[in-house]
Each structure stands twice: as structure tokens, then as C-alpha cells.
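Engineer: Here is a sequence with its predicted model. Questions after.
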Amino acid sequence: MVWGGAIRRLGGTASASSVRWMASSSAAPNTTMLRNIGISAHIDSGKTTLTERVLFYTGRIKAIHEVRGKDDVGAKMDSMELEREKGITIASAATYTTWGGYNINIIDTPGHVDFTVEVERALRVLDGAVLVLCSVGGVQSQTLTVDRQMRRYDVPRIAFINKCDRPGANPDKVVGELRNKLRANAAMIQLPIGLEDDLSGIVDLIKMKAYRFTGPSGEVMETEDIPADMVDLANARRTQLIEAVADIDDEIGDLFLNEVDPTEEQLMAAVRRQTIALKFVPVTVGSALKNTGVQAMLNAVVAYLPSPGEVPNVALDADDETKEIALDTTDADAPFVGMAFKIEKGQFGQLTYVRTYQGTLKKGGVIVNVSHDRKKRIKVPRVVRMHSAEMEDVDEVGPGEICALFGVDCSSGDTFTDGTSALVLESMFVPEPVMSLSIKPKKATDLDTLGKALNRFTKQDPTFRVHVDSETSETIISGMGELHLEIYKERLLREYECDTVTGQPKVSYRETISSAVKFDYIHKKQSGGSGQYGRVIGTIEPIPAEEEVDEDSKGGTCEFLDETVGQNISKSYVPAIEKGFLEACLKGPLTGSPVERVRMTLLDGAQHAVDSSEMAFKAAGQGAMRETVLKADPQVLQPIMKVEIMVPDEYQGVVMGGINKKAGVVLDSETTEGYCTLVTLVPLGQMFGYSSELRQATQGKGEFTMEFDNFSPVSPHYQTELIADYQAERQKKK
């Protein structure tokens, strides 16, 4: 294993330009010496602070700056003014650096659930990740979300337990939560030397050495023997580590059964094998803010996370998407295949972030957007590597790399090839918005500006949606929460000088049915000449909650089944009936909300020799759905949010009382070192303005995070109110 440069970086003398990609700007690096990693965690776990130290210790930046921009500079990866003001990461930021002879692409992702799509698209294109956890907070709500995202894309990860200098730091508790809450086979490969104010270094349980971090900014990593008072503990923890690996690795398992202590090389190789196989999570420790343990975490990144060639990647045949084709991420001469995973407005036009999966992408070369127009050939005018908001021009990038392009019009998730193959990569998962606001400019003259800005935002962020209400003609923006929409409102003012007014937040309700009903519906219309006729017979029923549905299908969570026998209805009319049914599902009869988890089964019907047509049967499908739903005990569903609230102990009763008033349910509560963490389920409609309410109730000491959990039926009384409001609104428009 190569550790060159990993032990010492003296006095901050290396300049940002002195650390170069370990290859010329026109040649692809050896993929075995390349790591593509993301840094992900719950909000305020120290991700951006950790990334800042990584860039400093690897010589990528000259000085350390903190989040919130307190020194008028701010952390390198928080390049947006709003990020520095609020002290949170809003958009994922990419950079690259080198460590011990390895090239590392890093993406720092947001921790707030409102910006979860940034984590989705980063993990979709990365080969490994660092899961950052707070040594006091442990596994929190967004940690669970990030874990699900990592599992969705089969991303190997190491864990870094940060903030071991905080009062109440307890890394052992955090490892227990990794095992119990995340069901991860996690074990420490490092131990902290001291905790809280006494944190002074770490012990490596594989090398059985201690490391201290000295110098003005902890840049000197000094190796020494394990302190005498920690030798017994280190030996016991090393045995636990070997046992954990022996359970899943045959080589270490055989050595363990024969009571043979594995060598350092054998144990490192086993940890690497099982981490890449997604069977093991090595846990590192430290404190980014106190400059402790970051270099050792970097050593773990290059030692245990995979290179691009060690991660299986497949594409689908664009002409037959059931056919999978393996990609060779080690062959620079193979036909080029890449994915656009992030889009933003740059100084020179649209900036498109691309991950190359196979072959080489060259400046001046020609690529094809397989996802949209396979006939249009696009010349690549400029290729750059990103360092947060800065960029470095390169002539080409090889397989497994991350770069950005200028002058290429596309959408997030599009697949590019060199035109010699018709391959398409599976795009990232995009969650549905849970909250909507009406928006309009304060000045009528800003209407065009607003339209251009919203169009740009929707292109960049797939969870940010815009539509015009067909009945009110209002522009409606939808997103993942209050903060998500507030950020876009602020960006409109700052980036486009477009001041806006937003209406009351609107909850995105859904409708469904609770019983099965048969239908026999006739659509008949005569107005001179040939008329319209279509008869459909069948059933409409709810899809049970335990039954899985393909949400990516054209019907979303609604299904259409054709079980007709004979020729009473021509098979050519069946797609029109399905289309009518699915269009009717877009707007339910109770509140005008989308209909979910309803199945229509077409059993029979009738047609007319002259008057039947696709239009007639489409209308019959729509009419049957709208009429029958009202007889099937329809229900309005509301989004339920999983809310995690952290408050000092003395405010626990007040906060729980507030949650009960909101018709919320407390799932779990845990008290640690004077702080109480409540895990609750609360209807989204009750959460508007909760941040101000919580601040007032706890004198500014409480904080909370929330994420969508499920849709659940509203109470009968509330449903009656919602229906009445909807009918009154419709009456106004007439």
C-alpha cells in the first residue's frame, strides 16, 4: 500500500498549485490509483469542515477557513453566498486532490433533507463514500436517509466519527447505533486517544501504532507507540475487529479458527475485500475542527474504498432496455460512455458535470446525447476539472473520472456516448415534492425574468417543480420543504434581482379508494353526423399497501389491467381506455389531488360500428374512473413527515405537548448528556412555521430535521373541510 506524503505536511508551505493531478492534464490517470468519493451525513455533522481539512492537508488550499464565512472567506466547498450566510451546504460541490500517490475526486453533499437530491445524484456516480457521524448525536434521521441512498446505489463506505472533542462524545455508542439502527457490520479500525477536551490523537488497530497531530493546524502526523495505559484496550478492540472480519472473510476466518493472529497486510486486505463487497464498514475517529484524525481517515479512503475498475457498472441497450451491457472502466480506448449528473449556470453558460464510465472524453471531440437525440452530434468545446467554484482546463479525461463541460445542452441524468454505441445509463432516483407555494413577481415587468429563472432552476434540480394551475392561472412552485423553497426565493432576488411574493404553503395531498366497486359505464354523444360511443365494464379496487408497485411506470402507483376476452372491444381501443383512466387519476374528485394505488381491471364492453373511436373510449375510461371512485369510499391522504427534534432536557415536556397538539405521534425518545432527541411522525400541514415555534418554545436551543415518511388518511372531519374548501375554490372561478 502506498502511503507517500501521508505522514507529513509541514507548516502549510505547499501551495494549492503544488498539488497536481498525478498525470498530465491531457492524460487519464491509472484507474487503480483513483478514488471517487462522496462525503455525506446528517446536517451539522461536520462534512464541510472535514472536506476543508482534507483539501488543506493534501495541499489543495493554502489555509483553513470555517463554515458560515466568519472570516469573510468561508469554507472552500461552500462557494454560494447563501451557504456561507446560513452555515449549511445547499448544493453538492466537487473538487479533486491527491494523497499518497492516489488521485481523489471528492463531492461534498448537503445534510439537510430538503436538498436530498444532491446526495442522490452524487452517490449515483461515486464509487465510495465517507459517512460522517457526530460522536454525540450518532445515527440521526438524515443518517438513515443517506444510508438508504448508499444502499440503493451499492456504494461501499467507511465511517468517520467526528466531533470526538465535544462534551458527551461517545464513539462506542455510535458504533452500536451503526450496527442496530443501520444494520451495518461496523467495527472500529481506530480508537481515540482521550475524548472531549482530552482528545490528543488516535490508535490504529490494524498497524497497532498511535498517531499525534501537531503543528499550527495539525498538519504534522507523527507516529509513536501506543500509550501504555491503552495497550490492553487496543489489544481487546483489535480482537473484536478480527472477529467481525472473520465472520465474513474466509481467509481471516480460517486464521481465527486456528488461533493465528493475521498480519497487518492480511487484515488490511480482508477489510478492503469486505468493504468493497458491501459486507463491512470500517470506522475511523477524530475531530475535523480540532485537526485530529483527518489524515488517518484519508489513509483509510485509499486503502479500503474501491477504484472505479473494482465497481461493476452496467448500461442498458437503448433499443432493448432489458438487455444489460457491462462497462469496462479500466479501458481508456473503449467507446466513450458518460452521465450528466448535475447542471448549473456557470460564468460561460451551462456547466454540466459528467462522470465518465468507459473510454475517453476529449476537448473538441464529438458526443451524442442518447437520452434525447441520438442523431444530433455535439462538439465538446471545453473540458474542465472542478475545484468548488474554480476550474482547471484539461484536454481529456479518462474512464472513471469526474469533469465538467461547457456549451452542452442537456438535462440531469442524460447519457452521453461517442456515437458508436446506443447505450443508456440508469438515472438517479428523484423523490416527489411534498410542499407547494404560489409565486409571482412584485413587479409585472419581472414576469419574463421569473420564467427564465424558474426554467433554469427546474433544469438544475429535479425535485424543484413548476406548473401553472389550470384553474387559477397561478404559477405554483413545489419542493422538498420550507427551506428548499425559501432558498429558491432568495436566489431569485440575489441572482436575478427578481423580488417575489409567495402565497400560503399548499400541502400536496393524494386521493385513493378503500373498497372495490364494479362499473358499467357508457359514453354516448350525438351531435349530428357520426357521434361517440364506448362502453366499458370492469372493476376498480385499491392496491393493498403491502403490494409493491412500480412507481416509475407510466401510471405511477395506479395500474390498468386488460382482462377482456373476445371482440366486444377491439384491442386497438384498449390503450385509449387506459390513457383515459390514467388521465383521470391525475386529478381526483375530492380535492383535485392525484389519485394513488388504484387498479382498474377492464373485463368487457361494447363498441359501435360507426360511432366508436379512440377518443370515445378514452372518454369512457375517464368517465368510468371519475364516476366509480365516488362509490368506492374515497379518502384524502396527507403527507406524514418523520420529524427528529433535539432539545435540552428541560424542554422535553413542552415540545412533546406541541407535537401532540399537531396530531403527531412520538415514536421514540432518547436522552443523552442533557439533551433529548424525539423521533416523531407529524402531518406536513401542521409543520409550517415550526422552526419559529420551536425556537420560541426552547429559547433558541432546539433544532429539528424532517423527511417524508408516508401518505396517511386524514380524519373524516378534516376530509370534509378539505372537500368544502376545494368546492368553494372551484365555485369562485366559475
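Structural biologist: Happy to help now that I have it. Numbering: from 1, shown residues only.

Engineer: show me where the stretch 101-250 of the chain has strands.
Structural biologist: 102-108, 128-134, 157-162, 186-188, 190-193, 201-204, 209-214, 220-224 (DSSP state E, counting those that start in this stretch).

Engineer: Next: the stretch 501-650 of the chain.
Structural biologist: Going by DSSP E, counting those that start in this stretch, the stretch 501-650 of the chain shows strands at 506-507, 510-513, 517-525, 532-542, 559-562, 598-606, 634-648.

Engineer: ok, and what's touching the shortest one?
Structural biologist: Counting by Cβ atoms under 8 Å, 6 or more residues apart in numbering, strand 506-507 makes contact with 434-438, 476, 638-639, 684-685, all of which sit outside it. Yep, even glycine has a C-beta here, placed from its N, CA and C like the rest.

Engineer: Now with 10 Å, please.
Structural biologist: Contact partners of strand 506-507, identified using Cβ atoms under 10 Å, 6 or more residues apart in numbering, comprise 434-438, 469, 476, 478, 593, 638-639, 683-688, 714, 722.

Engineer: taking those one by one, which sit in strands?
Structural biologist: With strands taken from DSSP state E, the overlap with the contacts of strand 506-507 comprises 435-438, 476, 478, 638-639, 683.

Engineer: Dump those to JSON lines, plus neighbour count and pLDDT.
Structural biologist: Output for the ones in strands among the contacts of strand 506-507, formatted as JSON lines (neighbours: other Cβ atoms under 10 Å; pLDDT from 0 to 100):
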{"residue": "435", "neighbour count": "24", "pLDDT": "75"}
{"residue": "436", "neighbour count": "20", "pLDDT": "78"}
{"residue": "437", "neighbour count": "22", "pLDDT": "83"}
{"residue": "438", "neighbour count": "16", "pLDDT": "87"}
{"residue": "476", "neighbour count": "16", "pLDDT": "87"}
{"residue": "478", "neighbour count": "19", "pLDDT": "85"}
{"residue": "638", "neighbour count": "24", "pLDDT": "93"}
{"residue": "639", "neighbour count": "21", "pLDDT": "90"}
{"residue": "683", "neighbour count": "18", "pLDDT": "92"}
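
Engineer: sec struct for the residue lying closest to residue 356 once chain neighbours are set aside, please.
Structural biologist: With sequence-adjacent residues excluded and distances taken as Cβ to Cβ, 6 or more residues apart in numbering, residue 356 is closest to residue 338, at 4.5 Å. Following DSSP: H, G, I helix; E, B strand; the rest coil, the label given to residue 338 is strand.

Engineer: Just name the shakiest helix or strand of the chain by mean pLDDT.
Structural biologist: The helix or strand of the chain with the lowest confidence, counting by mean pLDDT, DSSP states H and E, is helix 81-86 at a mean of 54.

Engineer: Just after that helix, pick out the following helix or strand.
Structural biologist: For helix 81-86, the succeeding helix or strand toward the C-terminus, using DSSP states H and E, is strand 93-99.

Engineer: Taking strand 102-108 as reference, get the angle to that following strand.
Structural biologist: 160 degrees (axes from the mean of the first three to the mean of the last three Cα atoms, to 10 degrees).

Engineer: which other helices and strands contact strand 93-99?
Structural biologist: strand 34-41, helix 47-57, strand 102-108, helix 116-125, helix 294-304, strand 337-346, strand 382-387, strand 402-406 (3 or more Cβ pairs under 10 Å, 6 or more residues apart in numbering; DSSP states H and E).

Engineer: in the stretch 401-550 of the chain, which spans are helices?
Structural biologist: Taking DSSP state H, counting those that start in this stretch to define them, one finds helices in the stretch 401-550 of the chain at 447-460, 482-496.

Engineer: which other helices and strands contact the last one?
Structural biologist: In other words, helix 482-496. With contacts defined as 3+ Cβ pairs under 10 Å, 6+ apart, helix 482-496 has these neighbours: helix 81-86, strand 435-441, helix 447-460, strand 475-479, strand 500-502, helix 690-697.

Engineer: buried stuff in it?
Structural biologist: 482-489, 491-492, 496 (16 or more other Cβ atoms under 10 Å).

Engineer: could the residues you listed be laid out in JSON lines, adding pLDDT and distance to residue 283?
Structural biologist: Supplementary listing: the buried residues of helix 482-496 in JSON lines, determined by pLDDT from 0 to 100; distance: Cβ to Cβ, whole Å:
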{"residue": "482", "pLDDT": "78", "distance to residue 283": "34"}
{"residue": "483", "pLDDT": "79", "distance to residue 283": "31"}
{"residue": "484", "pLDDT": "84", "distance to residue 283": "32"}
{"residue": "485", "pLDDT": "87", "distance to residue 283": "37"}
{"residue": "486", "pLDDT": "86", "distance to residue 283": "36"}
{"residue": "487", "pLDDT": "86", "distance to residue 283": "33"}
{"residue": "488", "pLDDT": "87", "distance to residue 283": "37"}
{"residue": "489", "pLDDT": "89", "distance to residue 283": "40"}
{"residue": "491", "pLDDT": "87", "distance to residue 283": "38"}
{"residue": "492", "pLDDT": "90", "distance to residue 283": "43"}
{"residue": "496", "pLDDT": "88", "distance to residue 283": "45"}
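
Engineer: out of those, which one sits closest to residue 667?
Structural biologist: residue 482 (22.0 Å; Cβ to Cβ).

Engineer: From residue 502, how far out is that closest one?
Structural biologist: Distance of residue 482 to residue 502, given as Cβ to Cβ, to the nearest Å: 11 Å.

Engineer: okay, and the common contacts of those two?
Structural biologist: Common neighbours of residue 482 and residue 502, counting by Cβ under 10 Å, 6+ apart, are residue 437.

Engineer: In the stretch 251-400 of the chain, where is pLDDT below threshold?
Structural biologist: Counting by pLDDT under 70, the stretch 251-400 of the chain contains low-confidence ranges at 346-348, 388-389.

Engineer: Quick check: end-to-end length of stretch 240-251?
Structural biologist: End-to-end distance for stretch 240-251, by Cα to Cα, to the nearest Å: 16 Å.
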